[in-house]
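Visitor: Need the 3D shape of this:
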Amino acid sequence: MFSIFLSLPRIYKRTISVLVDLLLLTLSFWGGYWVRLDAKTPLQSLMHWQMLALLLPITIIIFMRLGLYRAVLRYVGFKVLWTVSLGVFISTMSLVILAFFMEVTLPRTVSLIYFSFALLLVGGIRLFFRALIHHGQSKKIAVLIYGAGASGRQLQLALNQGKEFFPVAFIDDEPTLRKTVIQGISVYSPDWVGELIQRFEIKKILLAMPSASRAVRQDVLRRLEHFPCEVLSIPGMADLVAGKAHIDELKEVSIEDLLGRDPVDPIPELLNANITGKRVMVTGAGGSIGSELCRQIIRCQPAKLVLFELSEYGLYAIDKELNELCRAEGLLVEIVPLLGSVQRQHRLQAVMNSFQIQTVYHAAAYKHVPLVEYNVVEGVRNNVFGTLYCAQAAIRAQVETFVLISTDKAVRPTNTMGTTKRLAELVLQALSLAQSKTRFCMVRFGNVLGSSGSVVPLFRKQIHNGGPLTVTHPDIIRYFMTIPEASQLVIQAGAMGHGGDVFVLDMGEPVKIIDLAHRMIRLSGLTLKNEQKPHGDIEVKITGLRPGEKLYEELLIGEQVEGTAHTRIMRASEQMVPWSELRLFLIELDGACHRFDHEGIRSLLLQIPAGFNPSDGICDLVWKERECVQSEPSQGVIDDLGFLNSGANLSVH
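Guide: All right, here's what the predicted structure looks like:
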């Protein structure tokens, strides 16, 4: 019964409040006479009833003017007694005046008793209901809802039915909504957030803005992150409409809302040029970039999509997801899941020939800087020769377009990973000039949010574990882009290439990693622990730069850059090495890898014009261990089987 009352529309609740007050004021009026005159209460006096009939509407109007019926019962405090006292006092004065002009008998003590009874009954009933409501919600967590639109109202109704949260107020930027009451809850300006947090001891703020642009959400988060509250959000509108999520499924604030930008609408011609109706292959299809490329590609409806992946589970996961996506959206695309390594040239050749591949997106690579420093030979073989073997197989299979996913770490690299990616770019640039069957291009961009090895999921895990958050250097900065935006731009850039093009994506503003750590701590409702705040929740620990790590990344080697048909894609002019010269270098590098000659590999990487300027010595773990035990592995068999020494596999055709 009580819950039914709480769920009633606000107008019904106000009507009930007025009727209850009329009853209580009537009891106070006759109670005053009964206490003063005992059995001589003038109940049968018509003049007394007429005076009461005038007094009641006057008092209700007074209460309305004082805002007594705008207050929400569940949130009234003892301050309401002041409002009730003022209203009852004016009502008592009105009673005295009415009695004087109507010449009705009114003993002086009756007015005092009436004042006391009315104050106790009208004020007491409100405090009683407040206590009753709070008793039923004592185990719920008080929250603020940011956004008083349709989603905010639906969220409030859903939370009222639950057992975990109860909303105490709406916050909204819309001036016309302020000081209004929606479903029994007042709407406040964002300027009131601090006071509301203190008044209701708020620990969580819920963002109900699924349709707002990313720029708007970022602005809201910047205003909220300084308050000692955890900020949660409801799912996006697309998931809500599709039925994939419910309005009350709260989640941590998406880091895309902190760092991402609103994506620019794609150019359909560029998006579909190399995909629609064609046979497409994605290497590294199970990785963070590769899997998102597959999701974007599948919606462009290729004739066939070949998933090429080394990880069995990664291939299983993306194959299952894409097939479910096709069924859900009615897409008729043949998906071919293939296990394989880009270091196996014959496997690549067989796949591209058998499925008559027309477009290749080469995302397979080792990208974690310290791990490649610890495993130099594998990093070189996978990133350099894996790209070479893919490119050669594409030429022989007469693939039309080959797009390499590159990285900002290829620019003036201080680590092996960046150098191998720059070398992979040089390989494709050289092959592009040496033949005309396949159009090669490269797309270079920075960090993507949520990818494997990204700092964002690491910080989330560290926050959940109670810290500390580890940052390698207080001044380190990085560029960030969301995976969907990066993948969409990669596809469009690939359609603009003429051969040997190096495309650079506009990454927006760089982000200081330590500032990102501080923001994530605050938005989790926690406080930073440092020398100034020794009793904070989580500290940020500086661990020192890792092997090969730079303080900042760049996207361009030179200054020569020109715009393209897309506002966030630029074309860079970079130094190239002729294939005849590069081929001889690759033969030497391959031999050094076969011999596990780490000094030789380092020397060769320094010779090639990739701009390699190492910040550390050789960090390969096998080399270090070998140096410790002072023993060398046998190399005779490897030298005899070095098939690249003949140069057979380094031919263009």
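
Visitor: after the biggest helix by length in the chain, next one along is what?
Guide: Criterion DSSP state H: the longest helix present in the chain is helix 10-37. For helix 10-37, the following helix or strand on the C-terminal side (DSSP states H and E) is helix 46-65.

Visitor: Helix 10-37 and that next one, what's the angle between them?
Guide: Computed by axes from the mean of the first three to the mean of the last three CA atoms, to 10 degrees, the angle separating helix 46-65 from helix 10-37 equals 140 degrees.

Visitor: Which neighbouring elements make contact with helix 46-65?
Guide: Counting contacts by 3 or more CB pairs under 8 Å, 6 or more residues apart in numbering; DSSP states H and E, helix 46-65 is packed against helix 10-37, helix 80-102. Quick note: C-beta positions are derived from backbone N, CA and C, even for glycine.

Visitor: What segments of the stretch 101-250 of the chain are helices?
Guide: All helices of the stretch 101-250 of the chain, identified by DSSP state H, counting those that start in this stretch, fall at 108-118, 124-136, 150-161, 193-200, 214-224, 237-242.

Visitor: now do the stretch 301-450 of the chain
Guide: Secondary structure of the stretch 301-450 of the chain (DSSP H, counting those that start in this stretch): helices located at 312-329, 345-354, 369-374, 376-380, 386-396, 416-434.

Visitor: Among these, which comes closest to Arg571?
Guide: helix 416-434 (13.0 Å; CB to CB).

Visitor: which regions of the stretch 101-250 of the chain sit below the pLDDT cut-off?
Guide: Within the stretch 101-250 of the chain, the set of residues satisfying pLDDT under 70 comprises 130-139, 235-249.

Visitor: The same query, at a cut-off of 90, please.
Guide: 101-144, 146-170, 172-250 (pLDDT under 90).

Visitor: Starting from Val35, give me the distance back to His48.
Guide: 15 Å (CB to CB, to the nearest Å).

Visitor: Please say which of those two ends up with more neighbours.
Guide: His48 (20 against 15; other CB atoms under 10 Å).

Visitor: ok, back up a step: which strands and helices sit next to the longest helix of the chain?
Guide: helix 46-65, helix 108-118.

Visitor: buried set for the longest one?
Guide: By that I understand helix 46-65. His48, Met51, Leu52, Leu55, Leu56, Thr59, Ile60, Ile62, Phe63 (16 or more other CB atoms under 10 Å).

Visitor: just the shortest one next, same as before
Guide: By neighbour count with 16+ other CB under 10 Å, helix 108-118 contains the buried residues Val110, Ser111, Ile113, Tyr114, Phe115, Ser116, Phe117, Ala118.

Visitor: List just the nearest of those to Pro266.
Guide: Ala118 (68.4 Å).

Visitor: returning to what we had before: now render the helices and strands packed on helix 10-37 as TSV, adding distance to Asp537.
Guide: Below are these laid out as TSV (distance: least, CB to CB, whole Å):
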stretch	distance to Asp537
helix 46-65	46
helix 108-118	50
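
Visitor: wait, which of these is closest to Ile97?
Guide: helix 46-65 (9.6 Å).

Visitor: so how far is the closest one off the chain centroid?
Guide: Centre-to-centre, helix 46-65 and its host chain are 58 Å apart (CA atoms, centre = their mean, to the nearest Å).

Visitor: could I have it exported to CSV, CA atoms only?
Guide: C-alpha atoms of helix 46-65 as CSV (Å, rounded to 0.1, in the frame of the first residue of the first chain):
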residue,chain,number,x,y,z
LEU,A,46,-23.3,27.2,12.4
MET,A,47,-21.1,30.3,12.8
HIS,A,48,-18.2,28.2,14.0
TRP,A,49,-18.5,25.9,11.0
GLN,A,50,-18.6,28.9,8.7
MET,A,51,-15.5,30.3,10.3
LEU,A,52,-13.7,26.9,9.8
ALA,A,53,-14.9,26.8,6.2
LEU,A,54,-13.2,30.2,5.6
LEU,A,55,-10.1,29.3,7.6
LEU,A,56,-9.2,26.0,5.8
PRO,A,57,-8.8,27.4,2.3
ILE,A,58,-7.0,30.5,3.7
THR,A,59,-4.5,28.1,5.4
ILE,A,60,-4.0,25.9,2.4
ILE,A,61,-3.3,28.9,0.2
ILE,A,62,-0.8,30.1,2.8
PHE,A,63,0.9,26.6,2.8
MET,A,64,1.0,26.7,-1.0
ARG,A,65,2.6,30.2,-1.0
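
Visitor: Looking at the residue lying closest to Met576 once chain neighbours are set aside now. What's its pLDDT?
Guide: Using CB to CB, 6 or more residues apart in numbering and skipping the chain neighbours, the partner closest in space to Met576 is Gln429 (4.6 Å). On pLDDT, Gln429 comes in at 93.

Visitor: For Gln429, give its distance to Ala486.
Guide: 22 Å.

Visitor: Looks like Leu68 contacts Leu86 (just checking).
Guide: No - using CB atoms under 8 Å, Leu68 makes no contact with Leu86, being 9.6 Å away.

Visitor: between those two, which one's more packed in?
Guide: Remark: of Leu68 and Leu86, Leu68 carries more neighbours, 22 against 14, as counted by other CB under 10 Å.

Visitor: how about that one, what does it touch?
Guide: Applying CB atoms under 8 Å, 6 or more residues apart in numbering, one finds that Leu68 lies in contact with Val80, Thr83, Val84, Gly87.

Visitor: go again using 6 Å as the cut-off
Guide: Thr83 (CB atoms under 6 Å, 6 or more residues apart in numbering).

Visitor: same check, this time on Asn447
Guide: By CB under 6 Å, 6+ apart, the residues touching Asn447 are Arg478, Phe480.

Visitor: What of Leu81?
Guide: The contact partners of Leu81, by CB under 6 Å, 6+ apart, come to Gly123.

Visitor: What distance do you get for it to Arg126?
Guide: In terms of CB to CB, Leu81 sits 9 Å off from Arg126.

Visitor: do Pro457 as well
Guide: In terms of CB to CB, Pro457 sits 49 Å off from Arg126.

Visitor: neighbour count winner among the two?
Guide: Arg126 (22 against 14).

Visitor: Please tell me the pLDDT value assigned to Pro474.
Guide: For Pro474, pLDDT reads 89.

Visitor: number of nearby residues for the nearest residue to it once chain neighbours are set aside?
Guide: Once flanking residues are discounted, Pro474 sits nearest to Ile514: 5.3 Å by CB to CB, 6+ apart. Other residues lying near Ile514 total 18 when counted by other CB under 10 Å.

Visitor: any idea which element Ile514 lies in?
Guide: helix 513-523.

Visitor: got the buried residues for that helix?
Guide: Ile513, Ile514, Leu516, Ala517, His518, Arg519, Met520, Ile521, Arg522, Leu523.

Visitor: again, but for stretch 120-129
Guide: Quick answer for stretch 120-129 (16+ other CB under 10 Å): Leu121, Val122, Gly123, Ile125, Arg126, Leu127, Phe129.

Visitor: Stretch 268-276 too?
Guide: Buried, per 16+ other CB under 10 Å, within stretch 268-276: Leu270, Leu271, Asn272, Ala273, Asn274, Ile275.

Visitor: Check the offset of it from the chain's centre.
Guide: Taking mean C-alpha positions (CA atoms, centre = their mean), stretch 268-276 and its chain are 28 Å apart.

Visitor: What degree of burial does the nearest residue to Leu106 once chain neighbours are set aside show, as a neighbour count?
Guide: Nearest non-adjacent residue to Leu106, counting by CB to CB, 6+ apart: Ala99, 3.7 Å away. Other residues near Ala99 come to 19 when the count uses other CB under 10 Å.
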